[in-house]
Every structure is written in structure tokens, then in C-alpha cells.
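Asks: Following is a predicted model, sequence given first.
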Amino acid sequence: MRGGPDSVPASWPNANRYTEAIIVQLLSIIPRVRSRLDDVTKAYYDIRQLILQNAKVMNETSIQLPEISRGTLRQW
């Protein structure tokens, strides 16, 4: 993740349906406590890394998971 904690959105929240689906699910399962945005950002980053490191997924799908910022998450 690039930028500071209050960075502007890296992309529009609904610009990528895979990103949107992941973030919506993470927001629904991560409780609204202390650092929810940080927890969602970390979980999304972990999922993104797994996808990027999986050659089969990268070669056989068109999935694109962009980096996100807290600004992007606030749009949800």
C-alpha cells in the first residue's frame, strides 16, 4: 500500500468488481473495532499477494487487484 493513512483513493471503489467483492466481504466479517480500516487493508493485501504469487491464477484469469488506500476504503 502506498501513501499515507489519509491518501486519496487509488481508484474508484467500484472500478474493479473483484476488489469490490473482496472489500465488501472483508468489511462484513471484520468487526467495527479500533482499527477496522487497517485490518481490512492488511487482509486485502494478503489476498492480493496470494493472487499475484499464484502463476495459475495469473496465467489463466484476468483478475486484477490494484493497491488500495484508506481513502479508497472510506468510499465503501
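Replies: Nice, I can see it.
Asks: Report the contact partners of the most centrally placed residue in the chain.
Replies: Per Cα atoms, centre = their mean, the C-alpha nearest to the average position across the chain is that of residue 44, at 4.1 Å. In this structure, residue 44 makes contact with 19, 22-23, 26, 65, 68, judged by Cβ atoms under 8 Å, 6 or more residues apart in numbering. All C-beta atoms are positioned from the backbone trio N, CA, C, and that covers glycine.
Asks: Apply 6 Å and report the result again.
Replies: Residues touching residue 44, when contacts are defined by Cβ atoms under 6 Å, 6 or more residues apart in numbering, comprise residue 22.
Asks: That one: what secondary structure?
Replies: When classified by DSSP: H, G, I helix; E, B strand; the rest coil, residue 44 comes out as helix.
Asks: Give me the distance between it and residue 29.
Replies: Computed as Cβ to Cβ, to the nearest Å, the residue 44 to residue 29 distance reads 12 Å.
Asks: and what of residue 61?
Replies: Separation of residue 61 from residue 29 (Cβ to Cβ) stands at 24 Å.
Asks: Residue 52 too?
Replies: Counting by Cβ to Cβ, the gap from residue 52 to residue 29 is 22 Å.
Asks: Which of these two has more residues huddled nearby?
Replies: Here residue 52 and residue 29 are compared on neighbour count by other Cβ atoms under 10 Å; more neighbours surround residue 52, at 13 against 9.
Asks: List phi and psi for residue 30.
Replies: With angles defined as degrees, to the nearest 10, residue 30 sits at phi -90, psi 120.
Asks: can you check residue 75 too?
Replies: Dihedral angles phi and psi of residue 75 (degrees, to the nearest 10) take the values phi -70, psi -20.
Asks: Can you report how many residues lie near it?
Replies: Other residues within reach of residue 75, judged by other Cβ under 10 Å, total 13.
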